[in-house]
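>>> Quick one: sequence and predicted model below, then my questions.
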Amino acid sequence: MQAMLGADERHWWYRGRRRVIRAELERLALPSGARILDAGCGSGRTMQLLSAYGLVSGIELSESAAEVARARGVGEVMIGRLEELPWPEERFDLITCLDVIEHTPDDRATLAELRRVCRPGGHLVVTVPAYPRLWSVHDEANHHYRRYSRAALRRAAQEAGWALERMSSFNSMLLAPAAAVRLSRRRRARTLNGTATEIYRDELSIGPAWLNGALEWPLALEARWLGRGGTLALGLSLIAILRRR
């Protein structure tokens, strides 16, 4: 958690994902003064992005992360589980849930609860890690329950009552090298019979500024393409735009 809080502002992955999210938000017709929820808000950095579109609230399971988010002074930040949200029905026009539902034991229950607090016609923007076959010590160390195929994410969303408007992969250009590294670590873990924490190397270290910028550049290009309505067939992550009927 401390690594995530420290890297949230500068790390290429978080910066690139915010570019992708912004590109998708620009395509949504949000009402003036929209009520927005960042479900699993972490350090609150995404709440700052969302504040340009309306009145933002956040919820976070970690008390330490919630404290950091509150210190940003963007909006209310509650502590709690996504399966038991502390808001009444039909509260929000827009909800973001970014790389969170893979951390929950029952993704259908999580998605159904997010739908409960979304207004009719409102949207949920969700991102998840892609390709179950890429399961590795990275997922174990980060306490994931699953990775997603497109079909699995679509099925989970629809069974929770959401209508799928749009889905795309992203982080495409780094798929091949990242897959090679993670599969190599998986083989090494089996060979050494080690635990995830023993084999895993932290991927949130920022490194040299030039390298951080170079890794963010492909995501900037992808965000432009997605912002024009394009989609990507391959990528380490999936993004889905869901609507409450």
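That came through fine.
>>> excluding its backbone neighbours, what's nearest the most centrally placed residue in the chain?
Residue closest to the average C-alpha location in the chain (C-alpha atoms, centre = their mean): residue 98, at 1.9 Å. Nearest residue to residue 98, sequence neighbours excluded (C-beta to C-beta, 6 or more residues apart in numbering): residue 127, at 4.8 Å. C-beta here means a position set from N, CA and C on the backbone, and glycine is covered the same way.
>>> okay, and the helix or strand of the chain with the least pLDDT?
Taking mean pLDDT, DSSP states H and E as the measure, the chain has helix 196-199 as its least confident helix or strand, at a mean of 46.
>>> Have a look at this structure and report its longest strand.
strand 118-129 (DSSP state E).
>>> Show me what counts as buried in it.
If you call a residue buried by 16 or more other C-beta atoms under 10 Å, then strand 118-129 has these buried ones: 118, 119, 122, 123, 124, 125, 126, 127, 128, 129.
>>> Which of those residues sits closest to residue 23?
residue 125 (10.9 Å; C-beta to C-beta).
>>> gap between the closest one and residue 98?
Plainly put, residue 125 is 8 Å away from residue 98 if you go by C-beta to C-beta, to the nearest Å.
>>> ok, now residue 120?
With C-beta to C-beta as the criterion, residue 120 and residue 98 are 23 Å apart.
>>> Residue 14 contacts residue 42, correct?
No. Judged on C-beta atoms under 8 Å, residue 14 makes no contact with residue 42 at a distance of 9.0 Å.
>>> Overlap of the contact sets of these two?
residue 8 (C-beta atoms under 8 Å, 6 or more residues apart in numbering).
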